[in-house]
Each structure stands twice: as C-alpha cells, then as structure tokens.
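S.K.: the amino acid sequence is not available; the structure is as follows:
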C-alpha cells in the first residue's frame with residue numbers, strides 16, 4: 001500500500017474495525033478544519049509577531065534549525081521564503097508562534113503554540129488555529145488515556161500479595177510526526193523559523209505532519225496507537241512460541257529481575273497492556289521467561305502493524321534510544337507516567353527526581369515567605385501546584401491540603417504573596433511533609449482504591465450536639481455510639497432565622513461532627529491502615545466536601561478538611577467513601593445528637609442511659625450490647641477550636657492526646673451489620689417505645705435496604721477506572 005509518512009495498517013491491523021479509517025489517514029492524511037482563511041493583513045501580523053521569546057535563545061535557535069533540517073530530509077516539513085509567496089499566499093496559510101520548552105532528555109522541545117490569537121493594530125484579534133478548529137477526529141480512542149494510570153493502580157491493588165508484577169515500556173519515537181494532515185492543509189500549521197540574523201529573509205516552516213500543539217493531534221494519534229494496543233493484545237492471545245523473535249527482543253531481557261523465573265512453565269500467567277498516547281506499558285505476572293518473551297514480541301509486532309518498521313534501527317518507530325536505557329526491559333521496579341511502581345511490594349511513589357524538584361521549589365518559596373516584596377509569579381505557582389496534585393495521586397490524603405491553593409488558582413493574581421497568607425504557608429509546609437514522608441513510606445496501591453467498606457460510620461449534628469454510630473461490615477469491631485454537646489458559644493454563633501448574624505452554618509457543625517466521627521473510629525476500629533471506610537451524613541455540603549476533600553467558601557470547612565487530611569495520613573486508611581443519607585432515614589444518629597434535652601423522649605442524663613436507650617430501640621443480633629465511647633475533653637476541644645477559627649499546627653493534629661475511652665462493659669466485635677442497620681432507617685417520629693423495626697412494613701424495609709445498597713455500590717463503581725473497550729468504537733464527528 002502506498003502511504004504517506006510513517007503510519008499504515010498492515011498484518012492483523014487490517015482486520016481491526018479501525019482499519020479503513022487508518023488506511024484513509026495513511027493514504028490521504030488526517031482531515032483538517034481550522035476555520036475561515038486569514039487575510040494577507042492577518043498573515044503579516046502573525047509573521048511580525050514571530051516566534052515565542054523562548055525560541056529566540058541562541059541554543060534554541062540552533063537546536064530548532066537542526067531539527068527542521070532533519071524534518072525536511074524526512075519529508076515531514078518544508079521551508080518556504082515569505083518573499084516568494086507573499087504576493088499570492090495559499091488561502092490555508094496560518095502562522096503561529098513556535099516555542100522551545102526545556103525538556104528532560106534534551107535542551108528543548110519544540111511546541112507550536114496553536115492557541116495563540118493574532119492581535120491586529122486596530123485592537124481586534126483573529127481566533128487562534130485551535131479556537132477555529134472544528135473537531136472531526138474520533139473520540140473513542142483518546143477517551144481511554146485518562147484511565148490508564150488508574151487501571152494500572154487498580155491492577156496492582158487487585159494482585160495477590162505474593163505475586164510479582166513485572167513491567168516494561170515501549171515508546172513511539174516522534175509520535176505525532178508519524179501522521180500527516182490532508183494534502184494542502186499543512187499550511188494551517190506554519191511558523192516563522194527563528195534566525196540569529198534579524199535582517200535575514202523570513203523563512204516559514206510548513207510541517208506536513210500533525211503538530212503537538214494542535215487540539216486534534218492527540219485524538220488522531222490515539223486512533224492509531226490504541227489500535228496498535230488492540231492488535232498487540234491479539235498477538236498475546238496466540239500460543240507461546242508462535243511469533244518469530246523480534247529484532248529488539250534481546251533488549252527486553254536486560255534486567256536481572258527475570259533471572260529468578262524458570263525458562264519455561266505450563267502454569268497460567270496474567271498480563272495487562274496499557275497505552276498512554278505514545279507510551280506502551282506492559283504489566284505481567286509471569287511464571288516463566290518464555291512468557292515475557294512472548295509478551296515483548298506481541299507488543300512490538302502490534303506496534304509495527306500500525307507504525308511500519310524502519311530499515312535502520314535508529315529510525316524505527318519503536319524508540320531504540322529508550323530501549324537502550326532498559327525502559328523496555330522487564331523489571332519489578334519501573335517509572336510509569338511520572339510515578340514509580342514496585343511490582344513486588346505493590347507500592348507506588350512520585351519519581352524521585354520529580355519529588356526532589358518540587359521540594360526544592362517549595363523550600364525556596366518558604367525561605368522567602370517572610371519578605372513582603374517576595375511574590376511568586378502565578379504561572380510558576382500554577383505549574384508547581386499541578387505537579388503537587390499529580391504527586392498526591394499516590395498520597396490520597398494530600399488532596400485535603402489543596403483548598404488554599406484552589407482559592408489562589410480561582411483568583412489568578414499576577415503574583416502570589418505568602419507573607420500575609422498563613423493558611424497558604426501551612427499548606428505548603430504540610431505538602432513538603434507529605435512528600436518527604438513518601439520517600440521512606442511508599443503507598444500501597446491497595447490504599448488508593450475504594451471497595452466495599454470494612455467499617456461504616458454514620459453521624460448527625462444538630463444545634464445541640466453531634467452524635468453517631470460506628471459498625472463493622474467486612475471487618476469486626478464493637479458496635480459503638482458516641483455523642484458530644486456543643487458549648488454555648490458555638491450554639492450562639494449558629495446562623496438561623498433568629499440569629500442571622502452568626503458566624504457558623506449548620507454545614508460547618510456537620511463537618512466538625514464528621515471529623516469527630518473519624519477520630520472516634522481511629523480508637524474503636526482495629527487495623528485502620530489500608531481499611532475501606534464509608535461515612536454517611538444527612539448534610540449534602542459535608543458529603544461534597546469530603547468527596548472532593550476541598551471547600552470553596554467556608555474557611556471553617558477548609559480547616560476541618562485539613563485536619564481530616566492530616567489524620568488520614570497518620571492512619572494510612574484508604575480514600576473515604578462519603579455518602580448522603582436522607583434525614584428521614586437517619587434516626588439512629590438523630591438520637592445521640594439530640595440526647596441532651598432538646599428531644600425529651602431521647603434525653604440521656606448519662607452515657608449509660610444512652611447505651612440502654614440504644615439497646616432498647618436498636619437491639620443488636622445475638623443479644624449483644626452497644627458500646628458507648630466518650631470522646632476526651634482534649635479531643636472535643638480540638639474540634640471546637642476549629643469552629644472558633646483557631647488554627648492548630650501540623651504536629652498538634654498529627655500527635656493528638658488521648659481521644660477518649662469506651663465506657664462500661666465492652667461488647668463483642670461484630671461484622672456484617674450494614675444490612676441490619678438498614679432496617680432501622682425511619683423518621684424519629686415513629687414509635688418511641690419498642691424496636692423501630694416493628695414500625696416498618698416488610699416492603700418498605702426491603703425497598704429502603706435495596707436503595708441504600710445500590711447507592712453505595714454506585715459510589716464505589718464510579719471510583720473505578722473506565723473499563724477498556726476493545727476494540728474501541730469508531731466514533732467520529734461528521735465533517736461540515
């Protein structure tokens with residue numbers, strides 16, 4: 001088949017549903033619609049604007065000159081003098097600034113800024129190439145990449161404890177450059193070549209290939225790269241030994257980790273293949289080296305069925321440079337998408353150099369934070385916060401520190417000052433602490449996923465107090481009820497119709513109640529490290545705050561979430577599953593939160609009265625007894641101090657005093673109580689004497705239980721990564 005550039009389906013790829021579409025791209029190029037043609041005046045304005053300032057550095061000019069010469073030699077670009085075409089420029093011609101961005105493997109990476117609008121002298125602007133683009137590329141393939149990392153994390157979390165996960169990576173060299181746009185449409189992606197001599201004739205670079213800065217390049221490229229993944233998976237299904245050894249196969253066997261595996265085995269093995277744009281990521285739990293060889297052959301043959309092999313190994317679409325660095329060699333520890341995975345311990349952490357770079361910046365910011373004149377450029381601030389956010393993929397509690405950063409990002413100031421923002425400084429220090437601790441304590445992947453809860457906590461807060469229950473579901477613990485009464489100054493600050501000038505909302509109290517619930521769970525739930533927790537609240541803002549681990553408006557909620565994040569990091573629990581429970585179905589926690597006299601029928605003068613009332617209204621199976629936990633005065637003061645807007649230090653939250661104690665005779669640990677509690681979901685106005693279960697009909701009980709279970713299952717399912725659709729659907733936007 002005659003094809004343009006370096007993408008063409010062959011072999012098994014010709015039987016893939018995307019074969020005809022990829023054949024079209026290979027022979028005719030990718031469709032390009034970038035809006036109405038520019039006038040000559042608009043073209044001249046863009047040329048006068050010239051390259052981005054980053055491309056005018058002598059080293060950048062020299063590197064770009066060499067790269068352009070290479071692209072011209074390969075037929076992926078051509079050079080045109082503006083003087084030769086300015087009298088009759090092609091109607092598709094659009095000129096965007098080229099930028100040279102610092103890069104880890106070479107001095108610069110060239111990126112065409114196709115989001116840059118043209119500004120005319122009269123003050124008007126011409127939409128950028130990206131703004132004018134009509135999206136026609138298939139979306140199904142690119143939808144997959146956002147879930148690749150989560151799929152890998154979930155695969156590690158699901159692996160058996162004793163399993164060893166081997167990893168390898170393959171990179172497509174010059175990814176986007178391997179696909180062309182349609183004939184004549186390459187003029188849409190022109191740029192001025194920077195030159196050391198400002199008086200030299202203006203040269204325009206006309207790339208024939210897709211450009212990194214174009215919004216349609218990723219979905220077009222993923223159409224090809226995802227298809228190669230599907231084809232590789234078909235090769236993987238073939239019997240071992242079917243494929244002829246690939247020319248690069250020896251480069252997948254360089255690491256000594258594989259030496260402990262036998263040469264051959266008849267035992268089953270597991271494998272998984274992901275692709276993120278141009279990075280192919282292989283995971284395997286093998287029982288022999290032969291299986292890993294088959295995997296390496298399969299992925300490389302799959303790639304070459306889409307991106308044809310080159311005669312010269314240096315020119316091959318599979319990056320030889322990366323293979324020689326042992327990236328494609330099977331190993332138990334591997335850097336993947338900016339994170340480092342350990343396939344033996346099933347742990348993950350931010351790549352060391354990335355973590356150290358962030359810490360260096362944070363140290364510099366904090367060192368100068370006391371100076372009034374020191375301001376962080378917003379672009380730098382946003383970039384570092386984005387990197388911290390990526391790092392916190394491996395430290396889930398870290399999300400609870402982000403609220404002060406989010407406030408700055410919404411405002412977009414030119415400079416970010418630290419000397420007058422205590423909350424921001426605390427957050428930066430705590431981010432440093434979390435990142436430093438990850439060095440010696442990598443995160444178990446099982447901690448990063450949600451699952452059916454081991455323990456369940458339910459709470460309610462009223463204007464009088466807060467109370468809740470804690471029960472075991474997948475793990476056993478003593479069923480526990482607790483309560484705390486608000487002091488007068490807190491109830492006096494609650495906003496209401498009669499007190500519109502108060503400083504606290506009901507949601508603030510509810511969030512404080514949830515923090516107290518968590519600290520009680522730390523005492524009564526055994527083995528919280530890695531445990532899965534579901535927390536129920538009848539306050540929607542609280543559920544939303546905990547789900548996002550962030551708050552926008554309430555500064556009290558921000559500090560409560562911060563405290564919760566610090567405690568979650570100490571306990572090393574898995575991400576919380578917060579769920580809303582309607583007030584009408586929250587009777588079990590209405591009682592302790594209103595047991596201080598606001599509801600005479602529930603008044604409990606002592607904690608023993610509370611236990612007795614619970615044993616009467618909600619009798620446990622097997623005639624077991626409820627336990628009552630009395631939070632210590634020190635813990636209650638810690639929670640209330642946040643409502644009083646007093647900020648505690650990091651160490652104060654991470655090293656708490658005694659949290660309280662269980663009172664009276666301790667009952668027996670129990671599990672599987674979720675179903676049991678669902679039968680008591682009824683409004684507190686039901687019968688006050690005898691078990692509340694008796695007041696519900698069988699149909700209502702079954703409906704309530706099924707609905708609650710369904711919502712919990714849905715919440716857990718939504719936290720799972722998108723299941724891979726293989727082969728991916730041919731979704732395409734019709735062209736106009």
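M.R.: Done, it's in. Note that the structure is a prediction, hence the values are computed from the model and not measured. Numbering: from 1, shown residues only.
S.K.: can you report how many residues neighbour residue 285?
M.R.: Counted with other Cβ atoms under 10 Å, the neighbours of residue 285 add up to 18. Glycine gets a C-beta too; all of them are placed from N, C-alpha and C.
S.K.: what stretches of the stretch 351-500 of the chain score poorly on pLDDT?
M.R.: Regions of the stretch 351-500 of the chain meeting the criterion pLDDT under 70 are absent.
S.K.: which residues of it fall in helices?
M.R.: 352-367, 378-391, 403-411, 422-440, 488-492 (DSSP state H, counting those that start in this stretch).
S.K.: mind putting those into JSON lines with mean neighbour count and distance to residue 593?
M.R.: Conversion of the helices of the stretch 351-500 of the chain to JSON lines gives the following (neighbours: other Cβ atoms under 10 Å; distance: least, Cβ to Cβ, whole Å):
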{"stretch": "helix 352-367", "mean neighbour count": "15", "distance to residue 593": "41"}
{"stretch": "helix 378-391", "mean neighbour count": "17", "distance to residue 593": "35"}
{"stretch": "helix 403-411", "mean neighbour count": "17", "distance to residue 593": "26"}
{"stretch": "helix 422-440", "mean neighbour count": "17", "distance to residue 593": "29"}
{"stretch": "helix 488-492", "mean neighbour count": "14", "distance to residue 593": "13"}
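S.K.: can you put those helices in CSV and add distance to residue 539?
M.R.: Shown next, in CSV, are the helices of the stretch 351-500 of the chain (distance: least, Cβ to Cβ, whole Å):
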stretch, distance to residue 539
helix 352-367, 34
helix 378-391, 27
helix 403-411, 18
helix 422-440, 23
helix 488-492, 16
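S.K.: what's near enough to touch residue 282?
M.R.: By Cβ atoms under 8 Å, 6 or more residues apart in numbering, the residues touching residue 282 are 167-170, 271-273, 295-296, 299, 330.
S.K.: could I get those in a markdown table, plus columns for neighbour count, secondary structure and distance to residue 483?
M.R.: As requested, the contacts of residue 282 are exported to a markdown table (neighbours: other Cβ atoms under 10 Å; DSSP: H, G, I helix; E, B strand; the rest coil; distance: Cβ to Cβ, whole Å):
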| residue | neighbour count | secondary structure | distance to residue 483 |
| --- | --- | --- | --- |
| 167 | 25 | strand | 50 |
| 168 | 25 | strand | 55 |
| 169 | 24 | strand | 54 |
| 170 | 27 | strand | 59 |
| 271 | 18 | strand | 53 |
| 272 | 18 | strand | 48 |
| 273 | 20 | strand | 53 |
| 295 | 25 | helix | 57 |
| 296 | 26 | helix | 61 |
| 299 | 30 | helix | 59 |
| 330 | 26 | coil | 56 |
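S.K.: what sits against the residue located most distally from the centre of the chain?
M.R.: Most distant from the centre of the chain: residue 87, at 50.8 Å, with distances by Cα atoms, centre = their mean. Listed by Cβ under 8 Å, 6+ apart, residue 87 has no contact partners.
S.K.: so which helix or strand takes in it?
M.R.: For residue 87, there is no enclosing helix or strand under DSSP states H and E.
S.K.: show the pLDDT at it.
M.R.: Residue 87 carries a pLDDT value of 93.
S.K.: mind checking the SS state of residue 245?
M.R.: Assigned by DSSP: H, G, I helix; E, B strand; the rest coil, the conformation of residue 245 is coil.
S.K.: need the pLDDT of it.
M.R.: So residue 245 comes in at 97 (pLDDT).
S.K.: look up how far residue 263 lies from the closest residue to it other than its chain neighbours.
M.R.: Distances taken as Cβ to Cβ, 6 or more residues apart in numbering put residue 297 closest to residue 245, at 6.6 Å, once the chain neighbours are dropped. Separation of residue 297 from residue 263 (Cβ to Cβ, to the nearest Å): 16 Å.
S.K.: and the contacts of residue 282, which is closest to residue 247?
M.R.: Ranked by distance to residue 247 (Cβ to Cβ), these are led by residue 296 at 11.2 Å.
S.K.: do you know how far the closest one is from residue 249?
M.R.: Distance from residue 296 to residue 249, by Cβ to Cβ: 5 Å.
S.K.: mind listing residues that contact the helix or strand where residue 130 lies?
M.R.: Using DSSP H and E, residue 130 maps to helix 129-132. Residues from elsewhere that reach helix 129-132, judged by Cβ under 8 Å, 6+ apart: 34-36, 94, 96, 114-115, 117, 188-189, 213-215.
S.K.: what about the helix or strand harbouring residue 302, distance to the chain center?
M.R.: Assignment of secondary structure by DSSP H and E places residue 302 within helix 289-304. Remark: helix 289-304 is offset 29 Å from the chain centroid, using Cα atoms, centre = their mean, to the nearest Å.
S.K.: give me the mean pLDDT for it.
M.R.: 97.
S.K.: what comes up buried for stretch 172-190?
M.R.: For stretch 172-190, the neighbour count (16 or more other Cβ atoms under 10 Å) marks 172-182, 185-190 as buried.
S.K.: for stretch 51-67, same thing?
M.R.: Buried residues in stretch 51-67 (16+ other Cβ under 10 Å): 51-52, 54-55, 60-61, 63-64, 67.
S.K.: that older thread, between the helices of the stretch 351-500 of the chain, which gets nearest to residue 565?
M.R.: helix 422-440 (8.1 Å).
S.K.: start to end distance for stretch 252-263?
M.R.: 15 Å (Cα to Cα, to the nearest Å).
S.K.: list the contacts for the most centrally placed residue in the chain?
M.R.: Residue closest to the average C-alpha location in the chain (Cα atoms, centre = their mean): residue 393, at 5.7 Å. Each residue near residue 393 by Cβ under 8 Å, 6+ apart is listed here: 149, 153, 339, 448.
S.K.: now for the third one: which residues touch it?
M.R.: What that stands for is residue 339. Residue 339 neighbours (Cβ under 8 Å, 6+ apart): 149, 348-351, 393-394.
S.K.: mind listing the residues bridging to the spatially closest residue to residue 5 that is not a sequence neighbour?
M.R.: Distances taken as Cβ to Cβ, 6+ apart put residue 180 closest to residue 5, at 4.5 Å, once the chain neighbours are dropped. Counting by DSSP bridges, residue 180 forms beta bridges with residue 209.
S.K.: so, low pLDDT: which residues of the stretch 201-350 of the chain?
M.R.: Those would be none, if you go by pLDDT under 70 across the stretch 201-350 of the chain.
S.K.: returning to that earlier point: in helices only, show me the buried residues of stretch 51-67.
M.R.: Per DSSP state H, helices hold the following members of the buried residues of stretch 51-67: 60-61, 63-64, 67.
S.K.: for those, which one is nearest residue 564?
M.R.: residue 60 (46.5 Å).
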